[in-house]
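>>> Quick one: sequence plus predicted model below, questions after.
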Amino acid sequence: MAQSLKLNVIGTLGILILAKQNQIIPKVKPLLDAMMTEAQYWVNESLYDNVLQAVSEDEIE
């Protein structure tokens, strides 16, 4: 429906990326990890890595 209205579709992970890029949140990883453990939000391992790479949080801590 969104595409038929010519709206951008970005999804939940896209919102997290935008929030970090716009300095609304300091880090994506803690929120993403909490979504996965507490809310049982499933994310493919390669997508998880790609999201963290997109926000420069892919370094090993």
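Looks like it came in fine.
>>> Return the residues in contact with residue 2.
Residues touching residue 2, when contacts are defined by Cβ atoms under 8 Å, 6 or more residues apart in numbering, comprise 8-9. In short, each C-beta sits where N, CA and C put it, glycine included.
>>> can you give me the helices for this structure?
In the chain, the segments counted as helices under DSSP state H are 11-21, 29-38, 45-54.
>>> which of those sits most buried?
Among those, helix 11-21 has the highest mean neighbour count (mean count of other Cβ atoms under 10 Å), at a mean of 15.
>>> my read: residue 28 touches residue 50, true?
No - checked against Cβ atoms under 8 Å, the pair residue 28 and residue 50 is beyond contact range at 11.5 Å.
>>> so how far is residue 4 from the residue nearest to the spatial centre of the chain?
Nearest to the mean C-alpha position of the chain, by Cα atoms, centre = their mean, lies residue 13 at 2.8 Å. To residue 4, residue 13 is 22 Å away according to Cβ to Cβ, to the nearest Å.
>>> one step back: need the helices of the chain in TSV (columns: mean pLDDT).
As requested, the helices of the chain are exported to TSV (pLDDT from 0 to 100):
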stretch	mean pLDDT
helix 11-21	97
helix 29-38	97
helix 45-54	96
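>>> what's the burial count for residue 28?
Around residue 28 sit 20 other residues, with neighbours defined as other Cβ atoms under 10 Å.
>>> list the contacts for it?
Residues touching residue 28, when contacts are defined by Cβ under 8 Å, 6+ apart, comprise 16-17, 19-20, 51-52, 55, 57.
>>> how about 6 Å then?
Under the criterion of Cβ atoms under 6 Å, 6 or more residues apart in numbering, the neighbours of residue 28 are 16, 20, 55, 57.
>>> Let me know whether the third one touches residue 20 as I believe.
Yes - if you go by Cβ atoms under 6 Å, residue 55 and residue 20 touch, sitting 4.6 Å apart.
>>> For stretch 51-61, which outside residues touch it?
Around stretch 51-61, the neighbours that count as contacts under Cβ under 6 Å, 6+ apart are 13, 17, 20, 28-29.
>>> 7 Å - rerun?
With Cβ atoms under 7 Å, 6 or more residues apart in numbering as the test, stretch 51-61 has contacts from 13, 17, 20, 27-29, 32, 49.
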